[in-house]
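Visitor: The sequence isn't on hand, but the structure is:
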């Protein structure tokens, strides 16, 4: 199973994603596309995410059984911590 979360992206991008996945809540998509389709979906998301951000959780041969891809502005990023994937928040810059 693959999960994609989109935040603050163009409505057309969300519509594009519904070709392969089901939108279970606003901006949250679930489906089981093959690897080649996932890679193509991700290429489109990276290219068109603009000022929003996207997260894709996909099956992977890891201890957790999944891997994370992120794209966009001020995104959380996956960090390996002793073999576990954790998400690091963006730092808040104080003025």
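Guide: The structure has been received and is ready for your questions. Source: prediction; values computed, not measured.

Visitor: drop to CA atoms for contacts and neighbour counts, all remaining ones
Guide: OK.

Visitor: wait, what's in contact with the residue positioned nearest the centre of the chain?
Guide: In the chain, the centroid-proximal residue (Cα atoms, centre = their mean) is residue 55; its distance is 1.8 Å. By Cα atoms under 8 Å, 6 or more residues apart in numbering, the residues touching residue 55 are 4-6, 68-71.

Visitor: Using CSV, lay out those together with neighbour count, distance to residue 81 and secondary structure.
Guide: Shown next, in CSV, are the contacts of residue 55 (neighbours: other Cα atoms under 10 Å; distance: Cα to Cα, whole Å; DSSP: H, G, I helix; E, B strand; the rest coil):
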residue, neighbour count, distance to residue 81, secondary structure
4, 24, 23, strand
5, 18, 23, strand
6, 21, 25, strand
68, 18, 14, strand
69, 15, 16, strand
70, 19, 17, strand
71, 22, 20, strand
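
Visitor: Output the residues you listed in CSV; the columns should cover distance to residue 49.
Guide: Formatted as CSV, those follow (distance: Cα to Cα, whole Å):
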residue, distance to residue 49
4, 12
5, 11
6, 8
68, 16
69, 13
70, 10
71, 7
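
Visitor: can you tell me which two in these are farthest apart?
Guide: Spatial extent of those (Cα to Cα) is set by the pair 6 and 68 at 13.5 Å.

Visitor: any chance you could map the helices in this structure?
Guide: Per DSSP state H, the chain carries helices over the ranges 11-17, 35-48.

Visitor: ok, of those, where does mean pLDDT dip lowest?
Guide: Here the lowest mean pLDDT among those goes to helix 11-17, at a mean of 91.

Visitor: How far off centre is that helix?
Guide: Mean-position distance between helix 11-17 and its chain equals 14 Å (Cα atoms, centre = their mean, to the nearest Å).

Visitor: quick one: buried residues of it?
Guide: Neighbour-count burial for helix 11-17 flags 14, 17 (criterion: 16 or more other Cα atoms under 10 Å).
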